[in-house]
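Student: next one to model:
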Amino acid sequence: MNINIDENIFKQYTGLKVGVIIIKSVNNTRRISYIQSLLRGIWAQRQKEFENKEIHDEPYIKAWDEAFGMFGVSPLKHQHIVAKLLQKAKSGAEVVHKTALEDICRYFNMKYLLPVRGKDIDWLCGDLNLVYTKGGEPFRPANSIEVYNAGEGEVSYMDKGGIVQRYWNYRECERTKITMRTVNSAFIVEDLSNMHLDKFGEILREMGMNIIKYIGGEIEEYILTSENPSVNLGVEGRRTADDSKIPLQEKAYFLKI
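Tutor: Sure thing, here's the model as predicted:
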């Protein structure tokens, strides 16, 4: 099972680089206090830094604002992951800790100001493809029983079951979200800022080292570019999936909480 990037994405978004950190054989049930401390520390740092600074003036943020605008999506209404986290910090909100993988993912978001999203790759169905939507593809956001249909021309990550991540890095789906049961995952790191490839590689290696140091597991790191647009994730995933259909027991569960 691969992750693939459509060549047309590279043609429109020149300079795009996508880092893939494959993380296998992880125990994500433990709370790791040092990771929580890292996240709280960078959260407080960014909170102070952006107290009197406009988030959307930040060059890394601007690059994603422009990318969203290119397919008609307002970056203010649909904030990408880094802008969303910075907005929460700026507003004075406190960190809400989740699992170790989710916490270290958000730490990387805040530290590097690069979009980083984690996926439970055992729940993928077929290849994960970064493509333009044709329109009508199902998307079920994480922690929701609502299903939305994509418009035409959205940049999204998709597999055979539906949209796994909508509008680049804006929203993730329920099926592949990181949970305490996650064993094999992939962190997807995106750059549109024309960062030098060597620097981007250094950031990925540092991310990998931190994951091994504090969480454990087996790590593989890759950079996808127009010359190298695909990599094998090394798992089989699910045989079938259909995000347009929600089992009754799941609906009952979400309506209770």
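Student: give me the buried positions along stretch 117-134.
Tutor: Using 16 or more other CB atoms under 10 Å as the test for burial, stretch 117-134 gives 117-133. C-beta coordinates here come from the backbone N, C-alpha and C atoms, glycine included.
Student: what's the local residue count around the residue lying closest to Arg181 once chain neighbours are set aside?
Tutor: Among residues not flanking Arg181 along the chain, Asn28 sits closest, at 7.5 Å (CB to CB, 6 or more residues apart in numbering). Applying other CB atoms under 10 Å, we find 23 residues neighbouring Asn28.
Student: offset the numbering so it begins at 26, please.
Tutor: All set: I'll call the first residue 26, so the last point we hit is now Asn53.
Student: note down every partner strand of the one helix or strand Asn29 maps to and its orientation.
Tutor: Using DSSP states H and E, Asn29 maps to strand 27-30. Paired strands of strand 27-30, with direction, are strand 153-157 (parallel), strand 255-257 (antiparallel) (DSSP bridges).
Student: follow-up on the earlier one: correct me, but the residue nearest to Arg206 touches Asn209?
Tutor: No - between Asn53 and Asn209 there is no contact under CB atoms under 8 Å: 10.2 Å.
Student: where's the closest residue to Phe75 other than its chain neighbours relative to Leu249, distance?
Tutor: Excluding the flanking residues, the one nearest Phe75 by CB to CB, 6+ apart is Lys115, at 4.7 Å. Remark: distance between Lys115 and Leu249 (CB to CB, to the nearest Å) = 32 Å.
Student: please say which of these two ends up with more neighbours.
Tutor: When neighbours are counted by other CB under 10 Å, Lys115 and Leu249 differ, and Leu249 comes out ahead with 21 against 18.
Student: what's across from the more buried one in the sheet?
Tutor: Beta-bridge partners recorded for Leu249 (DSSP bridges): Val43.
Student: please enumerate the helices of this structure.
Tutor: Along the chain, the stretches classed as helices by DSSP state H are 32-37, 58-74, 84-94, 106-115, 125-137, 222-239, 273-281.
Student: which one of these is the most hemmed in?
Tutor: helix 125-137 (a mean of 23; mean count of other CB atoms under 10 Å).
Student: dump the residue contacts of the nearest residue to Lys202 once chain neighbours are set aside.
Tutor: The spatially closest residue to Lys202, leaving aside those adjacent along the chain, is Ala167, at 4.4 Å (CB to CB, 6+ apart). Applying CB atoms under 8 Å, 6 or more residues apart in numbering to Ala167 gives the contacts Arg196, Glu197, Cys198, Glu199, Lys202.
Student: tell me how far Ala167 lies from Asn29.
Tutor: From Ala167 across to Asn29, the span is 23 Å (CB to CB).
Student: hang on, the earlier thing: of all the helices of the chain, which lies closest to Tyr192?
Tutor: helix 84-94 (6.4 Å; CB to CB).
Student: give me the helices and strands touching the closest one, please.
Tutor: When contacts are defined as 3 or more CB pairs under 8 Å, 6 or more residues apart in numbering; DSSP states H and E, helix 84-94 sits against helix 106-115.
Student: pretty sure Arg230 is touching Glu245, no?
Tutor: No - using CB under 8 Å as the test, Arg230 is too far from Glu245 to be in contact (11.5 Å).
Student: tell me which residues of the strand holding Asn29 come out buried.
Tutor: Ile28, Ile30.
Student: now the strands paired with strand 27-30 as TSV including distance to Gly40?
Tutor: As requested, the strands paired with strand 27-30 are arranged in TSV below (distance: least, CB to CB, whole Å):
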stretch	distance to Gly40
strand 153-157	15
strand 255-257	19
